[in-house]
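> quick one: sequence plus predicted model below, questions after.
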Amino acid sequence: MTKLQVAIDLLKTADAIALATKVAPYIDIIELGTPLIKSEGLSVITAMKEAFPDKKVFADFKTADAGALEAEMAFQAGADYITILGATGDATISGAVEAAKKYNRAVVVDTIGVKDRVKRAQEVIKLGVEFVELHAGLDEQADPGYSIQVLIDEASRAGVPVSIAGGVNLKSIEAVKKSGATVAVAGAAIYGAEDPAAAAKALKEALLAD
Ligand SMILES: O=C([C@H](O)CO)[C@H](O)[C@H](O)COP(=O)(O)O
């Protein structure tokens, strides 16, 4: 069953918690976006985990160096997952994985900026990463001609646990599910919706449908 992750790219803890409160019934993983963590610091992780102890809290650090140290920071604050950039060296990823073992948490590798996402996903999964995010970031999505289909095709042939992030919405969710992705990540399709609860519910129902 493909899980649903909400990516919260808002800038204030109160707004993030208000959004999570609306969508929590339909969500498996609550992602604190990189801009939110940069805006509010580690306290947003602690606040979210305290508000939603039964949900997985995903700290989108996009760490490029000092993997062990940054993972410790995220896990001590209450995160269940941290992202490390796939574009960085294996030592950074392995350092974070060691910290994850110590805290019984997990590392996700984000492929933003990686040329061959499938090859890198297959490499880093061997380092003990939980799953790999096949990701087109907000800026890449703004490129003319961008299509999420590229990520969907990559997920189908990856052969390792992956999530898809980069414009997941109600139009693409069925194909995301069919690709075998472990997690579907939806940001703007939920936080930018007029009714975020209804948007999250519709995405969840599409994932649960036969
Ligand atoms: O990770 C993200 C981005 O780099 C900013 O933090 C987004 O949360 C991710 O791309 C998912 O968001 P949508 O593309 O809006 O669904």
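It's in.
> quick one: Met48 and the ligand, what's the gap?
To the ligand, Met48 is 15 Å away according to CB to the nearest ligand atom, to the nearest Å. Glycine gets a C-beta too; all of them are placed from N, C-alpha and C.
> next one, pLDDT for that residue please.
Per-residue confidence (pLDDT) for Met48: 98.
> now it: closest residue in space that isn't a chain neighbour?
Val57 (5.2 Å; CB to CB, 6 or more residues apart in numbering).
> contacts only, for the one you found.
29-30, 32, 45, 48-49, 78-81 (CB atoms under 8 Å, 6 or more residues apart in numbering).
> at 7 Å what do you get?
By CB atoms under 7 Å, 6 or more residues apart in numbering, the contact list for Val57 reads 30, 32, 45, 48-49, 78-80.
> reformat those as CSV; add secondary structure.
Listed next are those as CSV, based on DSSP: H, G, I helix; E, B strand; the rest coil:
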residue, secondary structure
Ile30, strand
Leu32, strand
Ile45, helix
Met48, helix
Lys49, helix
Gly78, coil
Ala79, coil
Asp80, coil
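> need those in TSV with neighbour count and distance to Lys178, can you?
Shown next, in TSV, are these (neighbours: other CB atoms under 10 Å; distance: CB to CB, whole Å):
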residue	neighbour count	distance to Lys178
Ile30	24	25
Leu32	29	28
Ile45	27	33
Met48	26	31
Lys49	19	32
Gly78	19	34
Ala79	28	30
Asp80	21	27
